[in-house]
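[1] A structural model of the following input is requested.
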Amino acid sequence: MFTELPLLPADPILGLSAAFYADTNPDKVDLGVGVYKTEQGNTPILSCVKQAEAQLHQSQNSKVYTPPAGIPGANQAAAALAFGEQHAVIRQQRLATIQTPGGCGALRTAAELIAKANPRASIWVSNPTWGNHVPLLSGAGISLKEYPYYDFARQKIDFDAMLATLSQAGKDDLVLLHACCHNPSGADLTPSQWQQITALAAERGFTPFIDMAYQGFGEGLAEDAYGVRLMAEQLPRLILAMSFSKNLGLYRERTGSLSIVAPSSTIAEASLSQILSITRGLYSMPPAHGSSLLDIIYHNKNLYSLWQQELTDMRTRIGSLRQQLVSALNSTQQHIDFSFIAQQRGMFSFLGLNKAQVTRLKNDYSVYMTDNSRVNIAGVNSANLDYLSRAVGQVLS
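    Numbering: from 1, shown residues only. Reported below is the predicted structural model:
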């Protein structure tokens, strides 16, 4: 049965990680895998999570299945974090929210719902976008289209080209947008640009499909949800995929959610029934641990406050690293002005290097990043900053 299956190449990110771990160079630098790291290079368990786990351990008396939609308190928390507790879609019961196995589970479930609701639908994705968007969405049989987003020459969003292309989208189309901390570019839409895209969606009739994987890593929990809340307020329908891997550090717990904003409470209820039918056929019941922690942290005043502080600390550190990286890179060469890195948000940016330069960094200096020169800013620290900047300077010279 399996003898005709060909050997597939390794996933670019996972393959890069394997190469890094096999490298014996003591000065090696990992800027590939997208996880938050401390100054010591660790990805810690947040203190609020540890305390919530202690509470969960004391109170949990069963490992029975979760409800099909997930833990109610976690769904309430996800909806409130995304839309705000008093948002009209919540008050009017126009929102259907379920727990999913990570943001990936939310994206794939949404894609299956779209395919079921309208087989003619197409999803527009940004160029570039997160590498796993394409297989997750196209795997459901959905047709994908691209819209221009990041101008590599100017290191900024090509918003005019983006708007012009999306002006072709129609009522059978969905447009995938990154809520904040665009992966892989780090270039985020401004409030004014969100307003223009919202107006275009109202005019053209397409449905926004927002992926919010880094809420709190850009400007703050509420600030990073600006586009989500604006579109939910002004448009009749919206799809939102969320992940708590980064902002709660729950990577391996696969904690995410999917929300459908519908024109009415009746349609929201029908949408909920449909996505629960889909998830029953995909994974049956969602995992409980990570969402239980989200439930506890959000509804405990002290733990919620602690989470906000820890999230602020992570966000502030990344912002400081961006400034330090710009200074170090600009001091070692004059070929590229890296100031744009300090203007971007989240963990990722492109350095603007070509594939040959990236390969040389890996082979000659053990500096690891993806072939398009996307780097994880959180992989930089005081111990590797000078080495990294000198290596980039050598490659550029």
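
[2] and the gap between the residue nearest the centre of the chain and G256?
    Nearest to the geometric centre of the chain sits A213, at 2.8 Å (Cα atoms, centre = their mean). Computed as Cβ to Cβ, to the nearest Å, the A213 to G256 distance reads 9 Å. C-beta: built from backbone N, CA, C; applies to glycine.

[3] Find residues that contact each of these two.
    103, 241-243, 245 (Cβ atoms under 8 Å, 6 or more residues apart in numbering).

[4] mind listing which of those are in strands?
    241-243 (DSSP state E).

[5] For the stretch 201-350 of the chain, which segments are assigned as helices?
    221-224, 226-234, 265-282, 289-299, 301-332, 340-343 (DSSP state H, counting those that start in this stretch).

[6] what helices or strands is the longest one leaning on?
    With contacts defined as 3 or more Cβ pairs under 8 Å, 6 or more residues apart in numbering; DSSP states H and E, the packing partners of helix 301-332 are helix 47-59, helix 289-299, helix 340-343, helix 385-396.

[7] same check, this time on the second one
    Counting by 3+ Cβ pairs under 8 Å, 6+ apart, the packing neighbours recorded for helix 226-234 are helix 72-83, helix 88-91, helix 191-204, strand 207-212, strand 238-243.

[8] Check which residues of that helix are buried.
    The neighbour-count check on helix 226-234 (16 or more other Cβ atoms under 10 Å) flags 226-232 as buried.

[9] Show me which pair in the shared contacts of A213 and G256 is furthest apart.
    Largest separation among those by Cβ to Cβ: A241 and S245, giving 12.0 Å.

[10] follow-up on the earlier one: just the buried ones from the shared contacts of A213 and G256?
    By 16+ other Cβ under 10 Å, the shared contacts of A213 and G256 give 103, 241-243, 245 as buried.

[11] Check these against L144 and report the nearest one.
    For the buried ones among the shared contacts of A213 and G256, the nearest to L144 is A241 (15.6 Å; Cβ to Cβ).

[12] Tell me the spacing between the closest one and H182.
    In this view, A241 and H182 are 15 Å apart by Cβ to Cβ.

[13] Quick check: K145 is in a strand.
    Yes - remark: K145 belongs to a strand, assigned using DSSP: H, G, I helix; E, B strand; the rest coil.

[14] how far away is it from H182?
    On the measure of Cβ to Cβ, K145 and H182 end up 18 Å apart.

[15] repeat for L8
    Counting by Cβ to Cβ, the gap from L8 to H182 is 28 Å.

[16] domain assignment for the chain?
    By the record's domain assignment, the chain is partitioned as 12-45+304-396, 65-299 (automatic domain parsing).

[17] now these in JSON lines, with distance to A54 and mean pLDDT?
    Formatted as JSON lines, the domains of the chain follow (distance: least, Cβ to Cβ, whole Å; pLDDT from 0 to 100):
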{"stretch": "domain 12-45+304-396", "distance to A54": "12", "mean pLDDT": "95"}
{"stretch": "domain 65-299", "distance to A54": "10", "mean pLDDT": "97"}
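
[18] Out of those domains, which gets nearest to E53?
    domain 65-299 (6.4 Å).

[19] what's the first-to-last distance across that closest one?
    By Cα to Cα, to the nearest Å, the extent of domain 65-299 from end to end equals 22 Å.

[20] sorry, back to before: most packed of the helices and strands packed on helix 226-234?
    Per residue and on average, the most neighbours among the helices and strands packed on helix 226-234 fall to strand 238-243, with a mean of 26 (mean count of other Cβ atoms under 10 Å).

[21] between it and helix 191-204, how many degrees?
    Here strand 238-243 runs at 140 degrees with respect to helix 191-204, directions being taken by axes from the mean of the first three to the mean of the last three Cα atoms, to 10 degrees.
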